[in-house]
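Trainee: The following block contains a protein sequence and its predicted model.
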Amino acid sequence: MGSTVKIRNLTLGEGRPKICVPLTAFDLAGLQADADVLKSGPFDFVEWRADFYRMIADPKGRLSALSLLRDSLGEVPILFTLRTSVEMGRLAIDTDAYLKLNLAVLESGLVDLIDAELSRGDEAVKALVEAAHKADVKVIGSRHDFTATPAKGCITDSLCRMQALGCDVAKFAAMPQCAQDVLTLLEATLIMKEKHDSTPVITMSMGRMGAASRICGELFGSCATFGTAGNASAPGQLPAPVLSGFLEALSL
C-alpha cells in the first residue's frame, strides 16, 4: 500500500479518488454563490483558484475571501492555488511576488493545502514546503503542460522531483494530442504507484480526449480528480455529480 496524506477528515491515497471542486469566482459575491452551490453536491475538498480573484493582491480582500470560504465550508479541506502565467494561469507575477502571496495565505491559518508550482524552481518550492509544514499545511507540488504530453520518463522525473523537494502530494497534468498520449500519462502514473510511492500522486490527461483519465485513478494510482460545480478551471473537467457516479460505479 502506498503513502497516504491526511487533511482534516480527508485521507488522500486510500480508497477511490477524492473529488476536488475548483472555485473560480472573480469576487466575494461569486465565491459565496459558489460555496452555496457546493452544499448540495458530491465532493471531498475544494480548490480556491485565487488567480481568478480580482482582489488577491489586496490583504483585506484576500482575508475576506479566505474567511468566507472557511466559514462556509467548515471542516471541508481547502486547497489554495495561485496558478500563474508560467503554468498557464491568470496571474503574471514574478517568483518573489508568488512566494510572498503564498506565505501571506499560510500566515492566515485558513487553508489546509497549498499548491507549489514546480516551474518556479527548487528553491521556491523548498521555501513553500518549509513554511507550509511549520504552519501544519500540506503541499501539492504541481506541473502542467497545456500544449502536449511529455514522455513518461519526463512525467515521472517531475513527480519524483516534487517528492524529493518535500511535497506531500505530487501532481502532473498534460494535454494529449492523440490517444497514445493518454496511455503515456496513465503508464507514468502506474510507474509512480509501483516504484515511487513515497507520496500520493494526482495525474490527469486534459481535454475531451483525456477525460477517461479523470475516472480511472484508483486503478492506475491517481488519488484525486477535479470535477466542476460551476466553471471549469482546466479543459476536460467533468461535472462533479457525473464524476461521482462514474467513480461509484467503478468501485462496485
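Mentor: Done, it's in.
Trainee: Centre of the chain to stretch 186-201, how far?
Mentor: Chain-centre distance of stretch 186-201: 17 Å, with Cα atoms, centre = their mean, to the nearest Å.
Trainee: Please work out the average pLDDT along it.
Mentor: Averaged across stretch 186-201, the pLDDT comes to 97.
Trainee: Could I get the full set of helices for the stretch 151-252 of the chain?
Mentor: With DSSP state H, counting those that start in this stretch as the criterion, the stretch 151-252 of the chain has helices at 152-164, 179-195, 217-220, 240-250.
Trainee: what's the angle between the second one and helix 152-164?
Mentor: Meaning helix 179-195. Here the directions of helix 179-195 and helix 152-164 differ by 40 degrees (axes from the mean of the first three to the mean of the last three Cα atoms, to 10 degrees).
Trainee: Residues touching helix 179-195, excluding its own?
Mentor: Contact with helix 179-195 is made by 2, 148-149, 151-153, 155-156, 159-160, 170, 172, 174-176, 201, 203-205, 209-210, 212-213, 216-217, 220-222, as judged by Cβ atoms under 8 Å, 6 or more residues apart in numbering. C-beta coordinates here come from the backbone N, C-alpha and C atoms, glycine included.
Trainee: Kindly report the same for the third one.
Mentor: For helix 217-220, the surrounding residues in contact (Cβ under 8 Å, 6+ apart) are 15-17, 186, 189-190, 193, 202-203, 213, 223-225, 247, 250-251.
Trainee: shaky segments in the stretch 101-250 of the chain?
Mentor: 230-237 (pLDDT under 70).
Trainee: Show me the strands in this structure, by range?
Mentor: Remark: strands assigned in the chain by DSSP state E are 5-7, 10-12, 18-23, 45-49, 78-81, 113-117, 138-145, 169-174, 201-205, 224-228, 238-239.
Trainee: what pairs with the last one, and is each one parallel or antiparallel?
Mentor: So that's strand 238-239. As defined by DSSP bridges, the strand partners of strand 238-239 come to strand 224-228 (parallel).
Trainee: Residues in contact with the partner strand: which ones?
Mentor: 12, 17-22, 43-45, 47, 169, 200, 202, 204, 214-215, 217, 233-234, 237-244, 247.
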